[in-house]
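>>> Below: sequence and its predicted model.
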Amino acid sequence: MSRQERAPRAVVAAFALAVLAAVGYALSYAFDLGTQFLGATLGGAFLAVAIGLALWSSRVEEQEPEYVEERELSASPGRQWSAFEEALTTQPVPRVKVLWSMFGLAVAAIGGSLLFPLRSMWTRHDISPDIRLSRTSWSRGRALVTEEGIRIRPEDLDFGGVLPAFPEDDDLTNVDAATMLVRVRPQELELPPERRQWVVDGVVAYSRLCTHAGCPVGLYADQYAELLCPCHHSVFDALRGALPVSGPAARPLPQLPIGRDGDGFLVALGDFTEPTGAGWWGYDA
Amino acid sequence: MAYPTPSPSRPRRRRAAEGIFVLALLAIALALTTVAWDGDAESPPSQTVAAAQAVAASTQDQFQDGERVFLRDCAFCHGDEGEGSERGPSLEEAGPAAAHFQLTTGRMPLRSEEDEPEPGPPAYPPQTIDALVTYVGTLGRGPEVPEVLQGDAARGRTLFLYNCAPCHSSSGTGMILPAGDVAPELSDSTLTQVAEAVRLGPGSMPPFSERHLDKEQVDAIATYVQQLDQDQNPGGHPLDWIGPIYEGSVAWLLALPLLVLVIRLLGRRAPARRPGSKEGP
Amino acid sequence: MRMVLRGLRRFDERLPIASMGRSALAKVFPDHWSFMLGEIALYSFMILVGTGVYLSLFFEPTTAERLYTGSYEPLRGELLSGAYASTVELSWDVRGGLLMRQAHHWAAHIFIGAIVLHLARIYFTGMFRKPREPNWTVGVTMLLLAMLNAFAGYSLPDDLLSGTGLHIFYSVTLSIPVVGAWLAFLVFGGDFPGTAIIERLYVGHILLIPVLIGVLISVHLFFVIRQKHTHFAGPGRSNANVVGSRMYPTYTLRTLSLLFFVAATVFLLGAFVQINPVWIFGEFETATILSPSVADWYVGWIEGALRLFPPLEFTVFGYLIANQFWAGIALPLATVAMLYAWPFVDRKITGDRGTHHVTGRPRDCPLRTAIGVAVLTFYTLLVCAAGQEMLVQYFGWSIGTVRAVLRVLVLVLPVINGMIAYVLARALLRSEKEGVLALSRKDLMLSWRADRRRVEPMEGQSPRPRTDDEERGLHPAETTPEEPERDLSEVPSWIRSSRTGGRTE
């Protein structure tokens, strides 16, 4: 059999296969056979059509020669252009330039004033961003709790242990207040003197937000007492006031002054030492 | 009107192209089925070490057996009495839980003292491990192998996301830590091993005390980790649950090359540049 | 066929289309395979719209929490945001939903990937030059919109991975000098996570950006139709014509075949390769995270830059220029500026002001090719930096070591690769050999010493007499040539074709 007769048969077969696959898709759906059956039949149908068309196309191409199409090379011919230019520039109104300028100004004014409602996108606009970003919900005496809302004693952590902590009765989405408790052996700590009394039985509290791009610094390697941010791999030394050791972060994690209340639970002694999370233009330590 | 130009070499080339087409399609089919099979071929979790076996009563036989293996395989580093040496730490505060964890996850014994403990298949059969665990328990004081019950997986999920996911990933696939360490994959872990790791904090892992995560919470976490191992891949090959890195690799190493191959076959190469010169392939 | 024709005829009685239709059917498409890269992007966009419409029937764009009651066991009975809950339901309970969701995501990868390949093809063949600078601009805009929309779509499910991405986006926005904090608060409706970001991204993702892309595709194609395709040089090919297959029947069959191949690839991947399993990643909780936390590759280059940039931070008059500004804002802005400006920069460098319709080869302008290779190397390395975790696992090095190596490579390798590309391009140009593998050592040595003037202008690109016409067209005051009369009942002159192949016979 010659090729000329054979090829169309393959095309027909491919399209027929596509019909079968499409029916298979419908059945897969009807009988709920799952994603793989659905996808295999639908993808298979597309594939069969694609192959059919490709074979068909190659058959057509064998008999089709190359074609040449001329291209208009130049810009608009001069006369057309001058006619256009004339139509655009000839106006009977005097002092046209002033009118157009004033029109432009009016449109710009309307456009500019229409930007004002965008301010409504900021729904909680009671205080300025600089102040909002500089403070968290921590205050003197506020208890530290786990994500389940349970108060924390320093002994709850083993040496080398970590625990995410939040202000009591706070919204968990107030992420700037999220805190990382780390318990280390007190003698290993190298903190500046004024921060030494913020350590309770070896428990130190740092902001949980990376000072680089604000990701939660959730990883802690007990052996090295290092905190790691998984986003951009900044590493902070938990023994030395969470100074950045490597990676892109340039500032240490802010420390939360903590103490113990009468019942032995951890409470904050104030807000963080610096604004938490990423830096911004108005950042002021 | 468009005029044709003759191009006598076309049919030959087309025929070759069709052949390549079929090959390409086979390749696609093969690639996809391999991918699909990989997904199905994920072996079920190895349940070779059951917690019950590990906490079996210590008979005199076991004790002697354990001592024999200990002196043969462990004492070189940990000392004859488990007192430790410059090659390995003391086991006086290790206890059965640590022994069970280290042995069942294949971290111990090390091939040589320079090696880092790495998870793998256990080196001993379960009976020997039981015997060693019992024996190590007699060397000093340390936590017992915890008894883990099925817990509240939903609560475990939340606890896992806050306490474990940062290092092990929400999927339990494990990921890198500072200083070249790796938080291991959790998929093959048993309930007991999870509970032991939470308490002991092996390697770089911080330990979690009874007061931070109580028994019920640890049961919940362990149960959730077990659930993670069940089939949760309705979408096909799981790509290790790593996410964007592997997805992007599939896009750039499989999907786009495939489509470039398709257009290469559908289209043609550039013609020879100068009249008279040999035409390109 | 007769039925179709009769229907068309009826239509033609109301709106005459025969002349336009005739020219459309005879439009010539070049046969070279690389001209179909853009079509892959076009077809994946069509699939994106189709699957996306289906997804929008089930997705709830809200962060308001509700009870999840679907069939995914570990989440049942949890209070979850509507966006996350509905995405999980869409994946586990809507029959066919997961296939559509995965196909949508895979199509997005292929869409942007094909645009990048298409852009690279245009770049290395120099086809952004006059008269195609405007269309280059349109294309670059579409690439940016596509990346933006993909990021928005990636963020919609409100899962732990995408929420982390939004947190980084927020922090990067904060770092914009002067207005950063205000801008971030406007976009998020307050400080992170705000109240409205999912809803806002949704409007952008399903309405604003797709419509914009759709409009720009029309503009892009209008340019292609009006200016006609470029083609590679060859016998009988010149600036004044385009040689290839006719729109109908040859090219129609070929391109339809490609459409179905793209669809097959997307849906087969959607069926067999799981993508973005958000039920495993977990819902977004602001205070926790998973590792690796990595973005998709099309924003991964920014992520990689954020990882590699040194810990540099300083104040200007008491105001902080935060670290993430450089990698997160300055680099993307520079990238965008570079892409838009390239045709004009290229014109300055090469002094090439001519009109080009004959596709250049990468070797024809070694300097441009070298710059292109260097730039591609740079961004590829940044994407690799976003996958550092894999390098750490593979090589067993520490993160610090991998980062240090990448910091060096990202600065050095582009230069080396660019130099290699330069030498190879010159050697190829000089020797006129088929490909890199055909080059001999002598070719390479000679190319190194070769005189710049050795570089010949490409065939069909030499100064053409038509340039004067163009000049005249732009300066109508000087001369006004006769405009040829057009018989509108006939085929318009711009599709009139002539026999040229015979010349070589």
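That came through fine. Residues are numbered from 1 along each chain as shown, chains lettered A, B, ... in the order given.

>>> so who does the residue of the stretch 101-250 of chain A found nearest chain B touch?
Distance from chain B to each residue of the stretch 101-250 of chain A (C-beta to the nearest C-beta) is smallest for A:Gly218, at 2.7 Å. Any C-beta I mention is one placed from the backbone N, CA and C, and that applies to glycine too. Contacts for A:Gly218 (C-beta atoms under 8 Å, 6 or more residues apart in numbering or on different chains) come out as A:Pro164, A:Met180, A:Arg208, A:Cys229, A:Pro230, B:Ala165, B:Pro166, B:Cys167, C:Thr288, C:Ile289, C:Ser291.

>>> and if you look at A:Asn174?
Contact analysis of A:Asn174 by C-beta under 8 Å, 6+ apart lists A:Thr136, A:Ser137, A:Pro167.

>>> Look at residue 21 and report its pLDDT.
No chain in the question, so chain A it is. Note for A:Ala21: predicted pLDDT of 97.

>>> not what I meant, chain B
pLDDT, B:Phe21: 52.

>>> for whichever residue of the stretch 101-250 of chain B sits closest to chain C, what are its contacts?
Of all residues in the stretch 101-250 of chain B, the one sitting closest to chain C is B:Gly235 (3.2 Å; C-beta to the nearest C-beta). Applying C-beta under 8 Å, 6+ apart to B:Gly235 gives the contacts A:Thr35, C:Ser91, C:Leu98, C:Gln102, C:Gly270, C:Val273, C:Gln274, C:Ile275, C:Pro277.

>>> ok, 7 Å please
B:Gly235 sits next to A:Thr35, C:Leu98, C:Gln102, C:Gln274, C:Ile275, C:Pro277 when contact means C-beta atoms under 7 Å, 6 or more residues apart in numbering or on different chains.

>>> Could you look up the SS state of the closest residue to the third one other than its chain neighbours?
So that's C:Gln102. The shortest distance from C:Gln102 to any non-neighbouring residue, by C-beta to C-beta, 6 or more residues apart in numbering or on different chains, is to C:Gly270 (3.8 Å). With DSSP: H, G, I helix; E, B strand; the rest coil as the basis, C:Gly270 sits in helix.

>>> shouldn't C:Gly270 be in contact with C:Ala103?
Yes - in this structure, C:Gly270 is within contact of C:Ala103 by C-beta atoms under 7 Å, at 3.4 Å.

>>> list residues touching both of the two?
Counting by C-beta under 7 Å, 6+ apart, C:Gly270 and C:Ala103 have no common neighbour.

>>> so what pLDDT did the closest residue to B:Asp219 other than its chain neighbours get?
Nearest non-adjacent residue to B:Asp219, counting by C-beta to C-beta, 6+ apart: B:Gly151, 3.2 Å away. On pLDDT, B:Gly151 comes in at 87.

>>> All the strands of the stretch 251-400 of chain C, residue numbers only.
C:314-316, C:319-321, C:358-359 (DSSP state E, counting those that start in this stretch).

>>> Any residue of the first one touching chain A?
Just to be clear, that refers to strand C:314-316. No - remark: strand C:314-316 sits outside contact range of chain A, by C-beta under 7 Å from any C-beta of the partner chain, the gap being at least 8.6 Å.

>>> and that strand, what's its mean pLDDT?
Strand C:314-316 shows an average pLDDT of 93 in the prediction.

>>> Which residues does it contact?
C:Ile321.

>>> repeat that with 8 Å
C:Pro177, C:Leu320, C:Ile321.

>>> Bridge partners for the second one, pull those for me.
So the one you mean is C:Leu320. C:Thr315 (DSSP bridges).

>>> and it, what does it touch?
Contacts of C:Leu320 (C-beta under 8 Å, 6+ apart): A:Gly279, A:Trp280, A:Trp281, A:Gly282, A:Tyr283, C:Glu313, C:Phe314.

>>> got a list of what the third one touches?
By C-beta under 8 Å, 6+ apart, the residues touching A:Trp281 are C:Ser175, C:Ile176, C:Pro177, C:Val178, C:Val179, C:Gly180, C:Ala181, C:Tyr319, C:Leu320, C:Ile321, C:Ala322.

>>> With pLDDT added, can I get the residues you listed in TSV?
Output for the contacts of A:Trp281, formatted as TSV (pLDDT from 0 to 100):
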residue	pLDDT
C:Ser175	95
C:Ile176	96
C:Pro177	95
C:Val178	93
C:Val179	93
C:Gly180	94
C:Ala181	93
C:Tyr319	94
C:Leu320	94
C:Ile321	95
C:Ala322	95
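
>>> Which of those are buried, as a PyMOL select command?
Restricted to buried positions by 16 or more other C-beta atoms under 10 Å in any protein chain shown, the PyMOL selection for those reads:
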select buried, chain C and resi 175+176+180+181+320+321+322
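
>>> Alright, calling it a day.
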